[in-house]
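Novice: After the sequence you'll find the predicted model.
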Amino acid sequence: MKRLLRICASVLALASASAVMPHAAHADWLEDAAKPLKGTQISGIFLDRPGYRAIIKLLPEFEKKTGIKVNYEIVPYENTREKEVLNFTSQGDITMALVDLVWIGEFAENGWIEPIEKFTKDKSITDPNLKLDGFFPLLLDAFGSWGGKTYGLPFDNYSGLLFYNSCKLKEAGFDKPPATWDEVMNVYGPKLTDASKNQYAFALQSLRGETQSADSFMRFLWPFGGSLLDKQFKSNLMSKESQAGLNFRQALMKYMPPGIVSFDHAEAVNALAQGQVAMITEWSAFYGTLVDPATSKLGDCLAVAPEPAGPAGRLPALGGFSLAVASQASDAQKKATWLFIQWATSEAIAKDYVEAGGVSGRMSIYQDPAIKAKYKFVEPMVASWQKGVPEFRPRFPAWPAISEVVAEWGSKMMLGQVSVEAGSKEIGTRMEDILKKEGYYDGKKKLLQ
Amino acid sequence: MTRTTSGPNIRPNRGYGRWTPFWFLAPAVFTLFIIGIYPTIFALVTSFRRYNIARPRDGFPFVGLENYTSVLTDGTFWASLFLTAKFYITVLPVEIVLGLVIALLLHKTGMGFLKSLARVTLVVPLATTYAVVGLIGRLIFNRDFGVANWFLDALGVGGLDWLGSQAGAFAAIVIMDIWQWTPFCALIFLAGLSMVPGEIEEAARLETSSKWSLLKHVQLPYLMPGLTALLILRSADVLKLFDMVFVMTRGGPGSATDLVSVYIQRVGFRVFDLGTASAQAILLLVITILLSRLYIRVLYKEVN
């Protein structure tokens, strides 16, 4: 009997040990790997967004465990690329690159960031539970990879979602959100818009800048079967599908508040939060703002769904940032930065990260029933990440110049200053000029986007 | 022992030599060279090169006048330059007239405390950072809760879509510029008015009761040097006005507020084509110098 009890006790001990093993092993691994790097300082840029506030909250844990000091500067998104490019070209102090998915081509082609294979070869600094296949494949592909190599790990991850005021929809006789853009236009739009009461069905953030080009213009190309470029990298904006999408956006403006071309993210989110509009398509990262009673009147009326589908299916906006090791860092800094990146994007802290307000790129965390129940955005976001277009916005180095052209002429279209057709032609001509100068048409550059 | 002296007792300063003035001037000249002249020379050299720092692998070769040709044939550059000129000739007369009125009011005798308070208040818009002026502008001209529409509603005029329409956005940046820079004009004119000798002004007042005559024949000559300086400074300011406009409208909607500095910033720091951006900046420098020479030739006269 005693022997049996002893065996049972041993089995129990083994079982409980193995249950905590991954975490313990992870912690031990990080501490061991960081021992030679104690006192190393690493630096990067963060944004003033929930995902960064979340990791800042968890930072003391990493610093305590590793003895590595993480310095960060909080910079507005619009200035981030400028700051990083100037830093990289002047051999500055940034050791960790924050890479928006549209910058990955530029950063990788210029050799400003290191491919992760350089570090994964070294077992002493690589997390045994790194599990690259644990990331949503779409995110790892779109945010962190270029030319078949992985450079960064997905850190601040967004999907475009439909946020809506379920109470307003109910009042108008709808018990579910629109599933297609056609429904938004023909069914929900007319019933939810009453301009005399300053009430509108939908707000589309369209301020000139990346907001116009990425959030407004591109959003109506892919779901309608259109795209910016064809396979030869010539403009595809005059195709029937692209024109259909852009004309649809133009027609949908009658259900949006006046002056929509002056709406940035903050104005669109605020219009929903304060009850002026019934629906917006926004990044998942704005969930926190919409549930916070200090910034939103919505309360239980807030509901979230995947973006409506177009004739070509549901191809929602895709956006986000990866973290990558900067080539200009010293060897010790590179190793320390790699440790931080693995930790910040690991499965081990994914739950803490999500609970602190971040959106992890790890698949496993969203299988947790508690997380699913607590965060309404999780299911539609996970659904959106199952299928998508990595090149929702082209990720090649020419994008910033093209984005400026799209921003200018896209908002001119919305204002009616030029027709959709004339605006598309103008964007196409200017875009092809930029791509010609870049060397895409004379075979100097691979047609990668 | 007695010591005799002939003439005044001047002890030669052993530390003073031929090079002494040079050493006094050197720090200022050196600093000016580092922060003013070197960057200008660098920009001039860059304007003759293909210089895109986001494409380091392409190198930075000299391309002669290619950047200047591309700027001078760039329709967007000319459009933004004309828009800047339109902005300049809209804001400047208003600022000068309002500034002069404020200065004349503050120059009147009496109500000392209120005038001192007003003088201090005039500094507030000037001391406000451009970016903050832009943020304030976004709030003031917000269509739904901005104070501009609240004011129009109170007057019985319907609210305007300020930042969402082309004319509205242009008007909004004009108003914010007038708000920020009218006090500067007022202070310059006030300084000019204080230069008018009291006895001349008093004598003129005895000669005429017409305030216009007093202004035209007595005060205006003292205001002209200040006005010249003001025109030179404001020309340079308007040509480089960026932060306020970028924060308020980012140059939009469409290209309604795409002033030349906003366009140059985009070329320089979004596309990172520093060669073209430098050529644009050098052309602006030439325009500023030409305008300054013109103002000095036409307006500047020393008062005897």
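Specialist: Great, that's in hand.

Novice: shouldn't B:Leu193 be in contact with B:Lys108?
Specialist: No - applying Cβ atoms under 8 Å as the test, B:Leu193 and B:Lys108 come out as separate, 10.1 Å apart. For the C-beta atoms, the positions are set from N, CA and C on the backbone; glycine is no exception.

Novice: And the two? Which one has more around it.
Specialist: A direct count of neighbours by other Cβ atoms under 10 Å in any protein chain shown for B:Leu193 and B:Lys108 places B:Leu193 higher, at 19 against 8.

Novice: Which residue is the nearest non-sequential neighbour of that one?
Specialist: Spatially, and ignoring its direct neighbours in sequence, B:Leu193 is nearest to B:His107 (4.5 Å; Cβ to Cβ, 6 or more residues apart in numbering or on different chains).

Novice: list the contacts for the residue nearest to A:Glu106 when sequence neighbours are not counted?
Specialist: Spatial nearest neighbour of A:Glu106, chain neighbours left out: A:Pro397 (3.8 Å); criterion: Cβ to Cβ, 6+ apart. Counting by Cβ atoms under 8 Å, 6 or more residues apart in numbering or on different chains, A:Pro397 makes contact with A:Gly105, A:Glu106, A:Glu109, A:Asn110, A:Glu438, B:Ala54, B:Arg55.

Novice: First-to-last residue distance for stretch A:339-353?
Specialist: 17 Å (Cα to Cα, to the nearest Å).

Novice: Can you name the residues in contact with that stretch?
Specialist: A:22-23, A:26-27, A:30, A:33-34, A:37, A:42, A:54-55, A:58, A:61-62, A:66, A:68, A:70, A:96, A:125-127, A:129-131, A:134-135, A:152-155, A:323-325, A:360-362, A:364-365, A:368, A:371.

Novice: circling back to that earlier point, got the contacts of A:Pro397 as CSV, with pLDDT columns?
Specialist: Output for these, formatted as CSV (pLDDT from 0 to 100):
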residue, pLDDT
A:Gly105, 93
A:Glu106, 93
A:Glu109, 92
A:Asn110, 93
A:Glu438, 86
B:Ala54, 88
B:Arg55, 86
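
Novice: Just give me the closest of these to B:Val262.
Specialist: B:Val262 lies nearest to B:Ala54 out of the contacts of A:Pro397, by Cβ to Cβ, at 19.5 Å.

Novice: Enumerate the residues of the stretch 51-200 of chain A near chain B.
Specialist: Proximity of the stretch 51-200 of chain A to chain B, by Cβ under 8 Å from any Cβ of the partner chain, involves residues A:Arg81, A:Glu82, A:Val85, A:Leu86, A:Thr89, A:Glu106, A:Glu109, A:Asn110, A:Asn198.

Novice: Reduced to three states, what does the fourth one come out as?
Specialist: Under DSSP: H, G, I helix; E, B strand; the rest coil, the three-state class of A:Leu86 is helix.

Novice: one step back: please pick the buried ones from the contacts of A:Pro397.
Specialist: Taking 16 or more other Cβ atoms under 10 Å in any protein chain shown as the criterion, what is buried in these is A:Gly105, A:Glu106, A:Glu109, A:Asn110, A:Glu438, B:Ala54, B:Arg55.

Novice: What does B:Ala26 show for phi and psi?
Specialist: phi -50, psi -50 (degrees, to the nearest 10).

Novice: Show me where the stretch 1-150 of chain A dips below the pLDDT cut-off.
Specialist: A:1-27 (pLDDT under 70).

Novice: Helices of that one, start to end?
Specialist: Applying DSSP state H, counting those that start in this stretch to the stretch 1-150 of chain A gives helices spanning A:2-34, A:50-66, A:77-89, A:104-109, A:117-120, A:137-144.

Novice: Mind listing what's buried along whichever helix or strand B:Val247 is part of?
Specialist: Here B:Val247, judged by DSSP states H and E, is contained in helix B:243-249. Within helix B:243-249, the residues that qualify as buried are B:Asp243, B:Met244, B:Val245, B:Phe246, B:Val247, B:Met248, B:Thr249, counting by 16+ other Cβ under 10 Å.

Novice: Throw the residues you listed into CSV and include distance to A:Val389 and pLDDT, thanks.
Specialist: Below are the buried residues of helix B:243-249 laid out as CSV (distance: Cβ to Cβ, whole Å; pLDDT from 0 to 100):
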residue, distance to A:Val389, pLDDT
B:Asp243, 36, 93
B:Met244, 37, 95
B:Val245, 34, 96
B:Phe246, 31, 93
B:Val247, 32, 92
B:Met248, 33, 93
B:Thr249, 31, 91
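
Novice: Those also near chain A: which ones?
Specialist: B:Thr249.

Novice: Which members of the buried residues of helix B:243-249 define the maximum pairwise distance?
Specialist: It's B:Asp243 and B:Thr249 that sit farthest apart of the buried residues of helix B:243-249, by Cβ to Cβ, at 11.8 Å.

Novice: Which helix runs longest in chain B?
Specialist: helix B:75-107 (DSSP state H).

Novice: Output the buried ones among the contacts of A:Pro397 in CSV; the columns should cover distance to B:Tyr38.
Specialist: Below are the buried ones among the contacts of A:Pro397 laid out as CSV (distance: Cβ to Cβ, whole Å):
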residue, distance to B:Tyr38
A:Gly105, 34
A:Glu106, 29
A:Glu109, 32
A:Asn110, 27
A:Glu438, 32
B:Ala54, 24
B:Arg55, 25
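
Novice: Can you tell me which of those residues lies closest to B:Ala236?
Specialist: For those, the nearest to B:Ala236 is B:Ala54 (28.9 Å; Cβ to Cβ).

Novice: wait, what's in contact with the closest one?
Specialist: Counting by Cβ under 8 Å, 6+ apart, B:Ala54 has contacts A:Val85, A:Thr89, A:Glu106, A:Asn110, A:Pro397, A:Pro400, B:Val271, B:Phe272.

Novice: okay, those in CSV with distance to A:Ala344 next?
Specialist: As requested, the contacts of B:Ala54 are exported to CSV (distance: Cβ to Cβ, whole Å):
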residue, distance to A:Ala344
A:Val85, 23
A:Thr89, 26
A:Glu106, 23
A:Asn110, 24
A:Pro397, 26
A:Pro400, 26
B:Val271, 31
B:Phe272, 29
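
Novice: distance of B:Ile96 from chain A?
Specialist: 30 Å (Cβ to the nearest Cβ, to the nearest Å).

Novice: Is there a neighbour count for the one residue in the stretch 51-200 of chain B that gets nearest to chain A? I'd like the number.
Specialist: Residue of the stretch 51-200 of chain B nearest chain A, by Cβ to the nearest Cβ: B:Gly164 (2.0 Å). Per other Cβ under 10 Å, the neighbour tally for B:Gly164 reads 25.

Novice: Would you check that it makes contact with A:Gly259?
Specialist: Yes - assessed by Cβ under 8 Å, B:Gly164 is found in contact with A:Gly259 at 2.0 Å.

Novice: Next, show the common contact partners of those two.
Specialist: Joint contacts of B:Gly164 and A:Gly259 (Cβ under 8 Å, 6+ apart) are B:Arg143.

Novice: where do the strands sit along chain A?
Specialist: Remark: strands assigned in chain A by DSSP state E are A:41-46, A:69-74, A:96-100, A:145-146, A:149-150, A:152-165, A:200-203, A:277-283, A:302-306, A:318-325.
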